[in-house]
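Undergrad: Build the 3D model from these lines:
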Amino acid sequence: MTGRQSLPPVRFQGELGTEETTLIDETMEESRTKSRKLIALLAALATSAMGCAGSNPKTFRLSKKTAALVEPAREVVAQVLEANFGRPDALIAWLELPVRYGQIEGEVLDSASIPAEERGSRFRVRLAGQPRSSGETNNASDSSGGPFAGLGVLWLTGEHAGKTEFSPTQVPKGAHVAGFDPVSGVLRLSDSVNPPPQPGDRFVLVGERLQRGNVLFRENCAECHGITGDGNGPKASGMNPKPRDYRKGVFKFTSTKPGLKPARADLVRTIQLGIPGTYMPSFEGDLSDEDIDALVEYVRWLSMRGELELRWATLLEADYSEQAVKEQSELVPVETVLEDLQEYLKDVFFPSDVPAETAAVADAWRQADDPASIVVPKRPPNQTHDELVAWFLDHRDRWEELLAWYRKHRAALADGQDVSAPFPDRVTRLMRIGADLERIVAAAGRSEQELRRELQRASLQHGRRLFLGDVLKCASCHGEEGRGDGPQTKELQMIPGKNEFYPEPGLYDDWGHKIHPNDLTRGIYRGGKRPIDVYRRIYSGIKGTPMASFATTLTDDDDIWDLVRYVLSLSSSRSSPSASNSARRGHASEDRTGRDD
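TA: Numbering: from 1, shown residues only. Got it, this is the predicted structure:
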């Protein structure tokens, strides 16, 4: 790996969201929300290597869906993307999106010591977290740029607050930091502002975290995931499973409810721990918490960019793909079709579609970080067993009554009939799931330890019945013994949205990659092997794969926990310290086979 790159330029567009607002009072809030602001942050990106590849792409790669559009439509999508997200060497932080770009608050002190002709671009400031300056200029430091070079300047008060209007297709010039001298406290802008800022004007420097994330992504991630985040980096072609393509906005292993984006904590955990059985390594100990947070924000930003591109291109493809225009040209002149395109862009696409799709994507990512979106079991894994142990040991006088009722109604319960029982719900559930009450009562008579062992046995047996049953059909993919060899792996599958089959038998994910159900006997779980991780895989499914959510099928938490126990039990005979350590580091080399949990 080569040395770390210098920071790329960033531009800022939109309003400073609540995630970035910390010490801004109500008057500042009022002034900044009077109009949508587009604030440019431009800085020179020094030539340096990108990770081990030694290249610095100047553009993000367009998706196949965009490339299939006729040229005028394709150019529009490319323009809107560049206006709102920029280029790899000139980023834009679109403040409409829920990304924590990073901010430093500041206040103008004076410009009296600055030559009159330079006061629009150089002035003394106080920055939050920076020591008070001496007022003596250090020209060498001022000319070097320093760590603040490239950050955007969002004016909160004064003459320049709230004056930059939003344009979806053009990137207007705006103030960005060219350099900062910590000795004198002089901030230098690359663009002069007129009139010059006045003492007391307050501003925010925005974008430090996005810049850092860009550099870290180039160094650690782009060789596999690609500079665009499309999973098509220089090393991706030889990998199985393929690196994640972020552009769909779909991430497989999350703690969130079905259909929702990942929470920030999910992406943090993936970067920290890696994904066992794949080429995605653990970065725990290699990157600081601040670096991982910056990477998470940059990945989210890349994902939002990709998802919006796909959404905007989808709006255009039905009528303005090359194939669609060719078909229409048999009925009307091509010129007429292109005139219709211009009318649609002017009347609908820019004023309505772009804002609506942007709001939909932003809202979806915000929802993922709502605590209500996290899958939290209603009952902890051992709560029911603890309650049952307490009931059996405290109600020895009711054991005979319980066994008599059980013998009388066993057949009806086995047949699924709704039989009212004079016992607590969790006790009755034991009988409904087919537990042997004779064995459980006998175990309770011997010791608490024996009782717990028997309850565990009943849970595993029920979990196996769920696994093999016709309702969940786990075995159709994972096989009856959980080895990932179920009948679905040998059958041709339909391509979603098309009336045709995939070319080879087996299962495929949303990216069109062939995948294999996990061999559960090996104990390698890509989404994590904690009980709560497996619970969430069952509850929410593995997003973007045929592994469905069972949230509406398994409505009793104890059913999910029974299945969790059974799944984890399948690997107990094959676990080993070396395998566990390999999985922890994300380098389970014996299983780079495209499997999913």
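Undergrad: host element of Leu393?
TA: helix 383-394 (DSSP states H and E).
Undergrad: Pro196 now?
TA: Counting by DSSP H and E, Pro196 is part of no helix or strand.
Undergrad: any idea how far it lies from Pro371?
TA: 46 Å (CB to CB, to the nearest Å). The C-beta positions use only the backbone N, C-alpha and C, and glycine is treated the same way.
Undergrad: Quick check: next helix or strand after the helix holding Leu393?
TA: helix 399-414.
Undergrad: so how far is that next one from its chain's centroid?
TA: Helix 399-414 sits 50 Å away from the centroid of its parent chain (CA atoms, centre = their mean, to the nearest Å).
Undergrad: any idea how far Asp510 is from the residue nearest the centre of the chain?
TA: Among the residues of the chain, the one closest to the centroid is Pro262, at 4.2 Å (CA atoms, centre = their mean). Pro262 is 15 Å from Asp510, where distance means CB to CB.
Undergrad: Poorly predicted segments of the stretch 251-400 of the chain, please.
TA: Within the stretch 251-400 of the chain, no stretch falls below the threshold (pLDDT under 70).
Undergrad: all helices of it, in order?
TA: For the stretch 251-400 of the chain, applying DSSP state H, counting those that start in this stretch gives helices covering 264-273, 289-320, 322-328, 334-344, 354-368, 383-394, 399-414.
Undergrad: Nearest to Leu91 among those helices would be which one?
TA: helix 289-320 (8.3 Å; CB to CB).
Undergrad: Quick one: list the elements packing against that closest one.
TA: helix 64-67, helix 71-85, helix 208-220, helix 264-273, helix 322-328, helix 334-344, helix 354-368 (3 or more CB pairs under 8 Å, 6 or more residues apart in numbering; DSSP states H and E).
Undergrad: Could you point out which of those sits nearest Ala128?
TA: Nearest to Ala128, of all those, is helix 208-220, at 12.1 Å by CB to CB.
Undergrad: What average pLDDT does the next helix or strand after that closest one get?
TA: Next in sequence after helix 208-220, counting helices and strands by DSSP H and E, comes helix 222-225. Mean pLDDT, computed over helix 222-225, is 95.
Undergrad: Please tell me how far helix 222-225 is from the chain's geometric centre.
TA: Averaging C-alpha positions (CA atoms, centre = their mean) puts helix 222-225 17 Å from its chain's average.
Undergrad: And for stretch 84-94?
TA: 19 Å.
Undergrad: Show me which parts of it are buried, residue by residue.
TA: 84-88, 90-94 (16 or more other CB atoms under 10 Å).
Undergrad: cool, stretch 508-524 as well?
TA: 508-509, 511, 513-524.
Undergrad: Which of these fall in strands?
TA: Using DSSP state E, 508, 514-517 are the members of the buried residues of stretch 508-524 that sit in strands.
Undergrad: would TSV of these with distance to Asp559 and pLDDT be doable?
TA: Putting those into TSV (distance: CB to CB, whole Å; pLDDT from 0 to 100) gives the following:
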residue	distance to Asp559	pLDDT
Tyr508	29	95
Lys514	31	93
Ile515	26	93
His516	26	93
Pro517	21	95
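Undergrad: Considering the residues you listed, which is situated nearest to Pro377?
TA: Distances from Pro377 to those, taken by CB to CB, are shortest for Pro517, at 24.1 Å.
Undergrad: Just grab the bridge partners of that closest one for me.
TA: When assigned by DSSP bridges, Pro517 has beta-bridge partners Asp596.
Undergrad: mind listing what it touches?
TA: The contact partners of Pro517, by CB atoms under 8 Å, 6 or more residues apart in numbering, come to 477-479, 484-486, 488-489, 507, 547, 595-596.
Undergrad: Quick one: mean pLDDT for the helix or strand where Gly179 lies?
TA: Element membership for Gly179, per DSSP H and E: strand 177-181. Averaged over strand 177-181, pLDDT sits at 88.
Undergrad: Farthest pair within the buried residues of stretch 84-94?
TA: Greatest spatial distance in the buried residues of stretch 84-94: Pro88 and Trp94, 15.6 Å, computed using CB to CB.
Undergrad: Can you give me the buried ones in stretch 233-248?
TA: Neighbour-count burial for stretch 233-248, counted by 16+ other CB under 10 Å, picks out 233-236, 239, 241-248.
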